[in-house]
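Q: Below are the sequence and a predicted model; questions follow.
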Amino acid sequence: MPPAAGDAPSTGTSPRDNNAKVYRGSAVAAGYGRETLLTRVEAVALLKYQTAFAGKDVLDVGVGAGRTTPYLAPLARHYQAVDYSPAMVARVRTAFPGVSVALADMTDLHGFGDAGFDFVFASNNVFDAVGHEDRLRTLRGIHRILRHDGVLMFSGHNRDVRHAMQWPRPVVSRNPVTQMRHLFYWGVSLVNHARLRKAQTVRADHAIINDSAHDWSMLHYYIGPNEQARQLADEGFRLIEIFDQMGTPVATGDRATHSRSLLYVAQRVTIE
Ligand SMILES: C[S@@+](CC[C@H](N)C(=O)[O-])C[C@H]1O[C@@H](n2cnc3c(N)ncnc32)[C@H](O)[C@@H]1O
């Protein structure tokens, strides 16, 4: 079992710094630029909660190359996107010239005033790109910039999914050229995993896991739905609903072990 530790494990590899290197790469940004569709769960949740953002002020956190922009921006009164990767921000500016996008770190939203947004969206596990303290800092910043009763919709890796921690496995193909490619990327993945597995950490309420994303080059925060509900309550949010990857609502207390990622809808409440 990996050692328990905080944001900067004994290896000195913090999730934030490690993942920032990956997201700043222009090839990674180009890959996100090829994605143009909503996922099923995003479509289900955005349709259901359309009144939370239609005609409202919207912040799209960790917007990437702007996959979600054309779905939110036309309906919003004002749509603002942020990302800390210059390569991602450049892609949004090119693809959506009229859209306001800022280079900003979600852990430090001081550039935005108090209570300026009605809806904050952070899809595709954006919050999981940082460690525990940075995640709490992000939630506090979002609480500050959301209006009373504002809605936060975000997705995150599920700590309770079956086989959360794995090793890179070889993929087999009958095509020799494809097989060579698989072998190459398996080698890259093994090297990355050998480097990052020591930075994995397991805590009672969450874990930092080196998963298969980007050839095993990332460190992601994983948390179960019950622990996420508690964390949201601690930071001044009332959990409204959880969806699994297929867009099916998750019942209160269900650990949703079939779903690697979960989408949360929460409402800002005033902390007394
Ligand atoms: C998995 S991608 C998702 C992109 C986009 N939301 C989508 O669904 O297509 C995560 C994005 O979050 C951004 N990101 C990660 N950590 C961030 C941080 N601390 N501040 C701002 N953006 C961050 C990355 O640069 C990347 O664009």
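A: Done, it's in.
Q: if I've got this straight, I242 is in a strand?
A: Yes. Judged by DSSP: H, G, I helix; E, B strand; the rest coil, I242 forms part of a strand.
Q: Which part of the stretch 151-272 of the chain gets nearest to the ligand, residue-wise?
A: Nearest to the ligand, among the residues of the stretch 151-272 of the chain, is A213, at 7.7 Å (Cβ to the nearest ligand atom). C-beta: built from backbone N, CA, C; applies to glycine.
Q: quick one: contacts for that residue?
A: By Cβ atoms under 8 Å, 6 or more residues apart in numbering, the residues touching A213 are H220.
Q: Kindly report the residues of the stretch 151-272 of the chain close to the ligand.
A: By Cβ under 6 Å from any ligand atom, no part of the stretch 151-272 of the chain sits against the ligand.
Q: which residues in the stretch 151-272 of the chain form strands?
A: Taking DSSP state E, counting those that start in this stretch, the strands of the stretch 151-272 of the chain run over residues 201-202, 207-209, 220-222, 237-243, 261-268.
Q: Those strands: which one's closest to A115?
A: strand 261-268 (9.1 Å; Cβ to Cβ).
Q: So what touches the closest one?
A: In contact with strand 261-268 (Cβ under 8 Å, 6+ apart) are residues 41-42, 45, 49, 123, 125, 143, 146-158, 225, 228, 232, 236-245, 250, 256.
Q: what pLDDT, on average, does it get?
A: If you average the pLDDT over strand 261-268, you get 98.
Q: can you pull the alpha-carbon coordinates of it into PDB?
A: Backbone C-alpha positions of strand 261-268 (Å, rounded to 0.1, in the frame of the first residue of the first chain) are rendered in PDB as follows:
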ATOM      1  CA  SER A 261     -16.300   9.100 -12.400                       C
ATOM      2  CA  LEU A 262     -19.300  10.900 -10.800                       C
ATOM      3  CA  LEU A 263     -21.000  14.200 -11.600                       C
ATOM      4  CA  TYR A 264     -22.000  16.300  -8.600                       C
ATOM      5  CA  VAL A 265     -24.600  19.100  -8.500                       C
ATOM      6  CA  ALA A 266     -24.400  21.300  -5.300                       C
ATOM      7  CA  GLN A 267     -25.800  24.600  -4.200                       C
ATOM      8  CA  ARG A 268     -24.000  27.300  -2.300                       C
END
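Q: Just the buried positions in that strand, please.
A: Using 16 or more other Cβ atoms under 10 Å as the burial criterion, the residues of strand 261-268 that qualify are S261, L262, L263, Y264, V265, A266, Q267, R268.
Q: got those as JSON lines, with distance to A129 columns?
A: Shown next, in JSON lines, are these (distance: Cβ to Cβ, whole Å):
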{"residue": "S261", "distance to A129": "13"}
{"residue": "L262", "distance to A129": "16"}
{"residue": "L263", "distance to A129": "16"}
{"residue": "Y264", "distance to A129": "16"}
{"residue": "V265", "distance to A129": "20"}
{"residue": "A266", "distance to A129": "19"}
{"residue": "Q267", "distance to A129": "24"}
{"residue": "R268", "distance to A129": "22"}
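Q: Isn't D211 up against Q166?
A: Yes. If you go by Cβ atoms under 8 Å, D211 and Q166 touch, sitting 7.5 Å apart.
Q: In terms of packing, which of these two has more residues around it?
A: Neighbours around D211 and Q166, counted as other Cβ atoms under 10 Å, are more numerous at D211. The numbers are 20 against 12.
Q: Can you report how many residues neighbour the nearest residue to that one once chain neighbours are set aside?
A: Leaving aside its sequence neighbours, D211 sits nearest to H220 (Cβ to Cβ, 6 or more residues apart in numbering; 5.5 Å). Neighbourhood size, H220 [other Cβ under 10 Å]: 22.
Q: same deal with H78?
A: Quick note: H78 (other Cβ under 10 Å) scores 13 neighbours.
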